Structure formats: C-alpha cells, structure tokens
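K.L.:
one predicted model, sequence on top.
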Amino acid sequence: MRLGVLCSGGKDSIYSCGMAMEREDVACLITVHAENEESYLFHTPNIGLVRLQAEAAALPLVETVSAGNKEEELADLGRALDIARDRHGIAGVVTGAILSVYQASRIQRLCRDRSLWCFNPLWHTGQEAYLRALIGNGYDVLVSGVFSAPFDESWLGRRIDARALELLIHYAEKYRITLTGEGGEYETFVRDAPFFRKRIEVVRAETAYRNYRGIYRITDARLVDK
Amino acid sequence: MIVLVDLSYREGSLAREEFVLPIAAILNAEGSEYRIVHHTRSPGEAARECDGIILCGTPVMDNGFLETPQSFSWIAETDLPVLGICAGMEILALLAGGRVVSGPEIGMTEVRVTAGDPVVPAIRSFEAYELHENACTLPPGFVTLAESDRCIQMFRDPVRPVYGVMFHPEVRNEWVVGRFVSAFCRPSR
C-alpha cells in the first residue's frame, strides 16, 4: 500500500515512518508549516528542516503552509493530503500519534472523508519501551523545545540517550509529564534514523529560554555521509 | 490465556500495533497471558486451549473481514467467553443474525448505559473513543447494554458470555477488557 507519512520532524513521526517503511510502500512525507507557534495540530520548532530529513531518506516531500488557526489547520492539512494523493498516489496516511485523541480523531476524519487509510502505529504504545527502542535502534534525536517544568535550559539541543531517558522517567514520575512529550512538554528533532541515507549535521543553532519554555532553533544544517 | 484475534487486512500489518497491541497491553497490566493470532491463521484451533477470546478492531477503511463471515463460524460454536471490539462486534452481530449497517462515528462520544451487567460498571454514562464506519443492529435475543445517539455501543448474548463493544476501550475505558476477563476468563480452565 502506498502511504504518505505526516511528518513534523520529531521522533514520533520519523519512527512511525520507519515502521511503515518496513511493511508498506512509503511514497512521501507530508508536512504542514504552521505560522502560529501555538498551533493546535502541528509541531513547529525546526519544521522547515523536514525538507532535509526527506532528502536524507530519499523521499519526496509534500509541503503546505497553515496560519495555524484552530479550525483552518484542518483544511490546510486536508489540502496537503489531497496533493499527496494526486501527486504520489497514496492510499493511506501514517501519523505518529501516541495518546492524543484530539490529533488522532481529526486526522482520522480527514482520511475518512477522502477514502484514505489511516495508521497510527505508536497508538497507546508502551512509552518507556518505545523510547528505549528509539535509542537502541539508532535514532539520533535532539530536544528542540521545552514547554513545561522541570525542563531547564540544558535540555535545549540535548540528545535523547539512555541518561536523558532516565531523567525523563524521573520527571514523568515526579512531575507527571508525558514520558514521550505528547502532552506538549517537549518537542524533538531527528538528526539521523536507520533509514536515512545521510545524517543531518547541525552547523548553527540558537536557543531562547525563559520560565521553563525554550526553543532550540536550528539556523543552519546540512547533510553529511554516514 | 486469552487469544487476541487480529482481524486486519494482512498478518503483521501496521494495524496490529494500533488495534491489537493496546489490548494486549491492557491484558498484560491485568496479569493475563495472551496470544495473538491473525484471523487467517485458524484462530479457532488456538482458542481450544485458552480461557477467552478477544476479537480486535481494524482501521476505518479495513472491512475485508466482512467478506468471509463463514470463516468465523468457529466463534458461534465455542463455549468460551468472547469479547468483540468494533470489527469484532460486527462479526458477532452477523453470526447471531444481526446486520452490519452504515453508522460512522469518529472521536469522543457520550455513551449511555442501558442495562446492568457484570462487565458494565454502575454508572449512567461515560465518554468513549469511537472509530468506526459501520454499526450493528441487535441480533435476536441479544441485550443492549449501552448506546450512543448513533448506534448500539455494547451488547451481549442473553445466555453465553459473548459481548460486543463498538468503542475502543484502550482509550480511557480499559475497564471493559479488565471486567470481561475478571468476570469470565479466570481462573484458568
């Protein structure tokens, strides 16, 4: 089945893409640039770099822009799905939704309206086991934004490795964050994945942080051989 | 041991992660062992050595299982407890003389409890996650346990512990699986 993967550039969508590539024919990545940083549906830090991830994975990219207003976002995403279907012949869509009913049900409706299949391979997955698999399978993931206590500035640009995971587990127990960050506590950017033919090197980045909210904005990046 | 039947279009498809493994995780948390069998792999034989059967859901577009209802006749013949979720409920309805009709619902919906039962808690209503294209009519003799504005959400066989549930229990309603297993699938047979 030819599938398009909704891709924010973060770990959940890239990992779901990897799962889909093992079982089906991934025809393209699909991304929506939200101009509003408080976007309800779309992850925003470094989303412009999905283009580089698509190139690293040798996949075509379908991009659209959204103002990021609550209900218009859906129409913008629907437009992206239409383009992906017309241009790449997709029969279905893959998302990285784990727990978000808000996100999942809206995308499910968009797909149903277009007779597209919808797959959420991380749906209600065991979060700790998933993060261990992510690290163990060679996904190189950076924290690209933090949006809740107790994350301090040192998390911006930090790689999610075994030590970071232990801290996240501690935070989840003590501060009730969602371990995978799906509650919006943190966002990520994937520099490398097993199915990338090249990896992404961050050449320059800047950070902005205040009161447990911060962004790691990559201002220059390039593909390098693995 | 509970047999989880994967009703999706292909063994090992992406739907397994979305519709089977979350139910397996609930069983795991309940301390129940399970085995996953795709519907094309003679699940009736695997079910001979188990304590209960759960028929799992499928993607909204995946209704291929409806094309071969005769392949599920083993469910009608078993005396084991059966819980059919979404697609699984549709199979139970067809086997018992009900019909599968159009009835799409996607998202959180209010479900009203309409009858008391060991599997249903003593509450008037609850919110449930819906993800289905079809709905079921009530098979002759069956009892409606819960309903939404759109369709029957839970039914049961009047005699055997055979239950259908249209919503997806892994989202905020894990109790469906837990109460079914506690009431009918223990101790080991």
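P.N.:
Looks like it arrived, so ask away.
K.L.:
got the CA positions of stretch A:175-189 in CSV?
P.N.:
Taking only C-alpha atoms (Å, rounded to 0.1, in the frame of the first residue of the first chain), the coordinates of stretch A:175-189 have been written out as CSV:
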residue,chain,number,x,y,z
TYR,A,175,6.2,16.0,37.7
ARG,A,176,3.6,14.0,35.8
ILE,A,177,4.9,14.9,32.4
THR,A,178,4.1,12.6,29.5
LEU,A,179,7.2,10.5,29.0
THR,A,180,7.1,10.9,25.3
GLY,A,181,6.3,14.6,25.5
GLU,A,182,3.0,14.1,23.7
GLY,A,183,1.3,16.4,26.3
GLY,A,184,3.4,19.2,24.7
GLU,A,185,6.0,19.2,27.5
TYR,A,186,8.9,18.9,25.0
GLU,A,187,9.5,18.6,21.3
THR,A,188,12.2,16.9,19.3
PHE,A,189,14.1,16.9,16.0
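K.L.:
buried residues of it, list them for me.
P.N.:
Applying a neighbour-count criterion of 16 or more other Cβ atoms under 10 Å in any protein chain shown, the buried positions in stretch A:175-189 are A:177, A:178, A:179, A:180, A:181, A:182, A:185, A:186, A:187, A:188, A:189. Where you see a C-beta, it was placed from the backbone N, CA and C, and this is true even at glycine.
K.L.:
any idea of the mean pLDDT for the longest helix along chain A?
P.N.:
Looking across chain A with DSSP state H, the single longest helix is helix A:72-88. In this model, helix A:72-88 has an average pLDDT of 93.
K.L.:
so the helix or strand following it, near chain B or not?
P.N.:
Proceeding N to C from helix A:72-88, the next assigned helix or strand is strand A:92-94, under DSSP states H and E. Yes - under the criterion of Cβ under 8 Å from any Cβ of the partner chain, chain B is reached by strand A:92-94 at A:92, A:94.
K.L.:
strand A:92-94 pairs with which strands?
P.N.:
strand A:2-6 (parallel), strand A:117-119 (parallel) (DSSP bridges).
K.L.:
give me every residue that touches residue 28.
P.N.:
All of this refers to chain A. Applying Cβ atoms under 8 Å, 6 or more residues apart in numbering or on different chains, we find residue A:28 in contact with A:4, A:5, A:54, A:59, A:60, A:61, A:62, A:84, A:87, A:88, A:90.
K.L.:
my bad, the chain I had in mind was chain B
P.N.:
Residue B:28 touches residue B:34, counting by Cβ under 8 Å, 6+ apart.
K.L.:
buried sites along the host helix or strand of it?
P.N.:
Taking DSSP H and E as the criterion, residue B:28 maps to helix B:21-30. Taking 16+ other Cβ under 10 Å as the basis for neighbour counts, the residues of helix B:21-30 that come out buried are B:21, B:22, B:23, B:24, B:25, B:26, B:27, B:30.
K.L.:
from the buried residues of stretch A:175-189, pick the one nearest chain B.
P.N.:
For the buried residues of stretch A:175-189, the minimum distance to chain B (Cβ to the nearest Cβ) is 13.4 Å, reached by residue A:182.
K.L.:
I'd say that closest one and residue A:104 touch.
P.N.:
No - the pair residue A:182 / residue A:104 is not scored as a contact, 10.7 Å apart, by Cβ atoms under 8 Å.
K.L.:
chain neighbours aside, what residue packs nearest to residue 186?
P.N.:
No chain was given, so I picked chain A. Nearest residue to residue A:186, sequence neighbours excluded (Cβ to Cβ, 6 or more residues apart in numbering or on different chains): residue A:146, at 4.9 Å.
K.L.:
my bad, the chain I had in mind was chain B
P.N.:
residue B:51 (7.0 Å).
K.L.:
how deep is that neighbour tucked in, by neighbour count?
P.N.:
Counted with other Cβ atoms under 10 Å in any protein chain shown, the neighbours of residue B:51 add up to 19.
K.L.:
how many residues are close by the nearest residue to residue B:125 once chain neighbours are set aside?
P.N.:
If you skip the residues right next to it in sequence, residue B:125 has residue B:112 as its closest partner in space, 4.7 Å away by Cβ to Cβ, 6+ apart. Other residues within reach of residue B:112 by the criterion other Cβ under 10 Å amount to 13.
K.L.:
after the helix or strand encompassing residue B:112, next one along is what?
P.N.:
Of the helices and strands defined by DSSP H and E, residue B:112 is found in strand B:100-113. Sequence-wise, the next helix or strand beyond strand B:100-113 is strand B:125-136, with elements assigned using DSSP H and E.
K.L.:
list the contacts of the helix or strand bottoming out on mean pLDDT in chain B.
P.N.:
Comparing helices and strands within chain B by mean pLDDT, DSSP states H and E singles out helix B:43-46 as the least confident, with a mean of 82. Helix B:43-46 is touched from outside by B:3, B:5, B:35, B:37, B:53, B:74, B:75, B:78, with contacts defined as Cβ under 8 Å, 6+ apart.
K.L.:
in three-state terms, label the residue of chain A most remote from its centre for me.
P.N.:
No residue in chain A sits farther from the centre than residue A:174, which is 25.4 Å out by Cα atoms, centre = their mean. In three-state terms, and counting by DSSP: H, G, I helix; E, B strand; the rest coil, residue A:174 is helix.
K.L.:
one more: residue A:9?
P.N.:
Under the three-state scheme (three-state DSSP), the conformation of residue A:9 reads as coil.
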